[in-house]
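1. Build the 3D model from these lines:
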Amino acid sequence: MTRRQYTVAEVENLIPTLEGIFTQILQLRVGLRGIERKLERAGVTIEVDEESEDEMQVASRSSQGPEAPDVRHARAVFRGFYEALSDGLEQIRTLGGEVKDLDMGLVDFPGRRGADDILLCWRLGEKRIEFWHPVDGGFANRRPLDEGISRTPSQMD
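-> Below is the predicted model of the structure:
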């Protein structure tokens, strides 16, 4: 199956949407970390099973016997936050992006440089697409855009 190739202009049009999604994702991550700390203090360890066929399962193990109501509530809130975060990541995938680093807000989109497949690289806070890297490279291999990069649909082969 051929992956869609994006131009710089197409990805730049997505930046406001990406910023909104990442703002929510990062807020959810802060909330998740806070709930995890609260549960750890209560002697509860959270395990996330994303491989479950039905839906994401959040299991907890308590070292202190049955769960108290506040622990059950915290676990339910954790699950809701986690599912919302997963939904945000899915929104980015639906847009055509692949999240490479959640903490950095790093997303790659497939593109072209001449006849070569590349990844157009966007990082949260950047207002334009200014970098690319080879498909087998990563953030450390980011290079400035050049004349070989497809900027608009009319420049696509």
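2. I'd like the average pLDDT over stretch 113-121.
-> Averaged across stretch 113-121, pLDDT comes to 93.
3. what sits up against it?
-> For stretch 113-121, the external contacting residues (CB atoms under 8 Å, 6 or more residues apart in numbering) are 5-6, 8, 11, 106-112, 129, 131-135, 137, 139, 142, 146, 148-150, 157. Glycine gets a C-beta too; all of them are placed from N, C-alpha and C.
4. Give the buried residues for stretch 14-29.
-> Neighbour counts over stretch 14-29 (16 or more other CB atoms under 10 Å) mark 14-15, 18, 21-22, 25-26, 28 as buried.
5. Residue 74: which of those is nearest?
-> Closest approach between the buried residues of stretch 14-29 and residue 74, by CB to CB: residue 28, at 14.8 Å.
6. Just the buried residues of stretch 14-29: which are in helices?
-> 14-15, 18, 21-22, 25-26, 28 (DSSP state H).
7. Make a markdown table from those and add distance to residue 35 to it.
-> Putting these into a markdown table (distance: CB to CB, whole Å) gives the following:
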| residue | distance to residue 35 |
| --- | --- |
| 14 | 30 |
| 15 | 30 |
| 18 | 26 |
| 21 | 21 |
| 22 | 20 |
| 25 | 16 |
| 26 | 15 |
| 28 | 10 |
